[in-house]
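A.B. asks: Show me the folded form of this:
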Amino acid sequence: MKTKSFLLLLAILMILSACGKKDGGVGPGNNIPLPDTGVYRILPHDLVVTLPSSVNILFNVVDTAGTPVPQLTADRFTVAENGTPVSHETSAMSVLKRANLDYRFKTVLMLDASSGSPLEAVKAAARAFVGMIDRQQSIAVYRFSDKTERLQDFTQDAGRLAAAVDAMTAGPSARNLFDAIKDGVALFEEWYSPSSVQQFQIVVFSAGNDTENDPGKRAETIYTCGFGSVYTIGQGNDLDSDFFAKTGNRGFTQVADVGGLTEAFTKTETSIIGFADSYYRLVYASSLRGDAEQSVRIAVTGNLYDGQGSEMTATFNSKNLVNVPKGLYVDWTPNRPRGADTLIVGAAVSRTAVALSLGGGKYPVYRWFCPDPQVLKVEPAGEGLGEASLTTLAAGFTSLVVEDIANSIADTVVVRAVTSYDGFALREWWENVSGATINDLTTGANYPGNPNGRDFIGKLETSSNWKDNYGQRLRGYILPPSSGSYSFWIASDDASQLYISTDETVANKRMIASVTTYTSSKQYTKEPNQHSLAVELEAGKSYYFEVLHKEGGGGDLLSVAWDGPGIARTEIAGDYLSAWLGN
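C.D. replies: Sure, this is the predicted structure:
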């Protein structure tokens, strides 16, 4: 009886598959409902824990023939932690698809341009392929004969891709297929995270076998394809079909004559888009706590297949997971358990705000707005997403309102909008600089004129455990709130120096505090030179400052604190800073 049911199901799936091919294949608009049972394989990518307690499981689902399965909803998945089922309701379990994520996929189109290839038919087929480009896809076009040549780098512009295809000319008679495939795989670059995903495919067309057909290179090429997702299209009857099938691990299409090339190319692009549609990010809130390894198993309900890939298993450590009361928080961190009350936003440099909604029972759908759009520009990262870019349009104070419309929760934070670089310090950094002294930084070949990067920070404290073998410089102006005597402290791992000018000019700067070895985080009393003598500052004036920091290996940190009239020792916040804008 079970065998009959299984065969009946396969017949149903074949009918559904055929219907899908009639209207262009699996895609966002294809809403044919799936049966309650099926034969499914889970292709695992990663499991990532995000604070305060979210578990993100990233995977694709296909059937046992490799056909993408794009339409499963959260209720079709079961999750168990350490063998105990996780409740969909209490964990707010949900599934996100690529349309609601920072998802992208890159495709390399590798075309045989040897003199024996039917060039005009290949061009027509390739034009049809790039004409189907998906809004989250970028394509690069390469040709090969005796060597591989890039015609167009990755782009989403179908017109530029078509022009590159049209400009393709025939090469020599040699067909170096093996190296062309390996050149394509060498471009392979995928990553998976809760915030960003990139998948990658290579499509190889060849009008015949590799000219030399060296057995060693043949075996090496097949092995290399194990590190990438490859589709192969071969034209002709004398193909080494075993080779094309083994290298085409995502699919191999053999075309007898040139008349079938366009259909083969468009069928392959449909399959690529379908695979993108079969990507899932399943999210739920875990109740597990403590420093322990936890096991997770995910499966599809009604799966009649029980072989390899029928379920996904993974582990995570619950050490840092914490309980947070129900509510909506902006820029929540473990050190800021109530989220931010006030945000400082500049005009020339946008900042990102992140929303976190907890305890609502449904996956959040966010809406961002400011009641004073002439003061603050708010650009959500996507419809319903929990990130937004903020930019000042006019100086002043306003508010940022964030709503989770799915769970009827909202939060409002104060925004201080600044039109200059008030509220920030300039940070520059230099990478791959060995040594742990300030002299190692300042005598480096790229210092000071060629930093690896620049950004702006809202207080005189930088991220810990960022990198090894780098140096950084903070520059700007101190804006004292009151006139009087101020004292400064510096802490760092490894060495650092703090300079303050007697006015707004660089020329009058002088070193007032330093670390010669290293300290722990905010350890301001390890070395006597970490603490400055009293510095007289006048309210309403600006004082140039500069901080140099060099990190060798191991942990790294940097912070600068002060005290003065009405200020107990604390790290210098953006309210008293203005960034350096010069060279």
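
A.B. asks: S295: how many residues sit nearby?
C.D. replies: S295 has 12 neighbours, counted by other Cβ atoms under 10 Å. All C-beta atoms are positioned from the backbone trio N, CA, C, and that covers glycine.

A.B. asks: Quickly find the element holding it.
C.D. replies: S295 belongs to strand 293-300 when assigned by DSSP states H and E.

A.B. asks: Give the buried residues for the helix or strand just after that strand.
C.D. replies: Using DSSP H and E, the helix or strand that follows strand 293-300 towards the C-terminus is strand 311-317. By neighbour count on 16 or more other Cβ atoms under 10 Å, the buried set for strand 311-317 is 311-312, 314, 316.

A.B. asks: and what of stretch 181-197?
C.D. replies: 181-185, 187-188, 192, 194, 197.

A.B. asks: what does stretch 222-233 give?
C.D. replies: 222, 224-225, 228-233.

A.B. asks: How far away from the center of its chain is it?
C.D. replies: 24 Å (Cα atoms, centre = their mean, to the nearest Å).

A.B. asks: gap between the two ends of it?
C.D. replies: Start-to-end span of stretch 222-233 (Cα to Cα, to the nearest Å) is 15 Å.

A.B. asks: Likewise for stretch 403-417?
C.D. replies: 21 Å.

A.B. asks: I273 belongs to a helix, doesn't it?
C.D. replies: Yes - assigned with DSSP: H, G, I helix; E, B strand; the rest coil, I273 falls within a helix.

A.B. asks: mind checking how far the closest residue to it other than its chain neighbours is from E89?
C.D. replies: Distances taken as Cβ to Cβ, 6 or more residues apart in numbering place D134 nearest to I273, at 5.2 Å, with adjacent residues excluded. Applying Cβ to Cβ, to the nearest Å, the value for D134 to E89 is 34 Å.

A.B. asks: ok, now F144?
C.D. replies: 55 Å.

A.B. asks: mind giving me the domain split of the protein?
C.D. replies: 103-277, 327-417, 425-579 (automatic domain parsing).

A.B. asks: from the middle of its chain, how far away would the longest one be?
C.D. replies: How far domain 103-277 lies from its chain's middle: 26 Å, per Cα atoms, centre = their mean.

A.B. asks: circling back: identify whichever of the domains of the chain lies nearest to L58.
C.D. replies: In terms of Cβ to Cβ, the element of the domains of the chain nearest to L58 is domain 103-277, at 4.8 Å.

A.B. asks: What is the end-to-end distance of that closest one?
C.D. replies: Note: domain 103-277 ends 10 Å apart using Cα to Cα.

A.B. asks: for stretch 96-112, same thing?
C.D. replies: 38 Å.

A.B. asks: buried residues in stretch 36-44?
C.D. replies: So stretch 36-44, judged by 16+ other Cβ under 10 Å, has buried residues 37-44.

A.B. asks: Among D134 and E89, which residue is more densely surrounded?
C.D. replies: D134 (19 against 8).

A.B. asks: distance of the more buried one from R281?
C.D. replies: Distance from D134 to R281, by Cβ to Cβ: 18 Å.
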